[in-house]
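**Student:** structure here, sequence nowhere to be found:
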Ligand code: ATP
């Protein structure tokens, strides 16, 4: 039996900016956001074998579905049906990214499966084709295919890559609540949204301007999620009180991140938060292709 196997890193994403200018007629949101990836990652092992076409997902997390509801399963199914592949696919996810946290864990796992199968099956799909497929799974999956700081618009499929962020350390705090993305998106009132200046953030990144980035980090969904979970407002306040230069919520929440210039300051912020929040990480922004040269490891 021909068995091929690979291990893929699936980094978490953070929204440095998140805005939605309007709603499309089909109900999906138009996005205007800046996304980056950080060195907190799931590990996705993908093995193809035999020809019974079965997709099996296992994880080391008790909280995840292991059937067609798992986004990694959906990615494998999509690629196999689109390209008529009949191999069985075994996927094992070693979970490190908090679930339902606004850090795109499921999306990044799905993107990892797309990259891995593209390579294992020698499909040679370019980034644009992979991103188009990725959008059928979820709005954040196209970004996660590249996992490199980008300005993302459209329904999530228009990705303009940005230069590396100015040097920074990021404190991530995940309160002990899970937020359902659809329940937050349903609450957006387009007549009330106070839009973010995403262009100013893009310009600050292009100038490598740390202060400019800190001044323009914004998420228009923060008021919606914080109304339901006031702990988010509290965490943001604590982050800045302990010395973060900016603090904001990622995605639909509840994860809050704080930006610091120095590692020592980030560690100080993290120590200060540990009394309020059990899950706190100090991370750095990464770019999948340049910082994770070992992101895909052929095993056999
Ligand atoms: P996003 O910000 O992209 O909306 P999120 O970070 O808030 O996502 P995820 O961790 O991706 O949230 O999980 C959202 C939902 O997706 C959960 O209900 C979870 O059960 C489901 N899910 C499906 N597959 C996965 C996966 N591989 N990893 C994590 N969650 C998954």
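**Tutor:** Sure thing, it's come through. In this text the structure is predicted, and so the values were computed from the model without any measurement. Residues are numbered from 1 along each chain as shown.
**Student:** can you pull the residues of the chain lying near the ligand?
**Tutor:** Within the chain, the positions lying close to the ligand (Cβ under 6 Å from any ligand atom) are 64-65, 69-72, 93, 99-107, 109, 140, 181, 251-252. Quick note: C-beta positions are derived from backbone N, CA and C, even for glycine.
**Student:** sitting in strands, which of those do you find?
**Tutor:** Using DSSP state E, the subset of the residues of the chain next to the ligand located in strands is residue 93.
**Student:** burial of the single nearest residue of the chain relative to the ligand, as a residue count?
**Tutor:** In the chain, the residue that lies nearest the ligand is residue 106 (2.8 Å; Cβ to the nearest ligand atom). Residue 106 has 28 neighbours, counted by other Cβ atoms under 10 Å.
**Student:** same question, the one 5 residues further on
**Tutor:** Other residues lying near residue 111 total 33 when counted by other Cβ under 10 Å.
**Student:** not counting its neighbours along the chain, what's nearest it?
**Tutor:** Nearest non-adjacent residue to residue 111, counting by Cβ to Cβ, 6 or more residues apart in numbering: residue 144, 3.5 Å away.
**Student:** what pLDDT does the model give the one you found?
**Tutor:** Residue 144 carries a pLDDT value of 97.
**Student:** same question, residue 195
**Tutor:** pLDDT at residue 195 comes out at 94.
**Student:** now do the SS call for it.
**Tutor:** Secondary structure, DSSP: H, G, I helix; E, B strand; the rest coil: residue 195 is coil.
**Student:** circling back: tell me the contacts of the residue nearest to residue 111?
**Tutor:** Each residue near residue 144 by Cβ atoms under 8 Å, 6 or more residues apart in numbering is listed here: 10, 13, 37, 104, 107, 108, 110, 111, 112, 134.
**Student:** flag every buried residue along stretch 46-55.
**Tutor:** Residues of stretch 46-55 classed as buried by neighbour count (16 or more other Cβ atoms under 10 Å): 46, 47, 48, 55.
**Student:** part of a strand, is the residue nearest to residue 111?
**Tutor:** No: counting by three-state DSSP, residue 144 is not part of a strand but helix.
**Student:** tell me where the protein has helices.
**Tutor:** Applying DSSP state H to the chain gives helices spanning 71-82, 105-120, 127-135, 141-146, 181-185, 198-206, 210-216, 222-228, 231-241, 263-273, 288-291.
**Student:** okay, and the helix or strand of the protein with the least pLDDT?
**Tutor:** Sorting the helices and strands of the chain by mean pLDDT, DSSP states H and E puts strand 296-298 at the bottom, at a mean of 41.
**Student:** put together TSV for the helices of the chain, with distance to residue 159 on each row.
**Tutor:** Formatted as TSV, the helices of the chain follow (distance: least, Cβ to Cβ, whole Å):
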stretch	distance to residue 159
helix 71-82	17
helix 105-120	12
helix 127-135	6
helix 141-146	6
helix 181-185	20
helix 198-206	13
helix 210-216	19
helix 222-228	23
helix 231-241	27
helix 263-273	28
helix 288-291	13
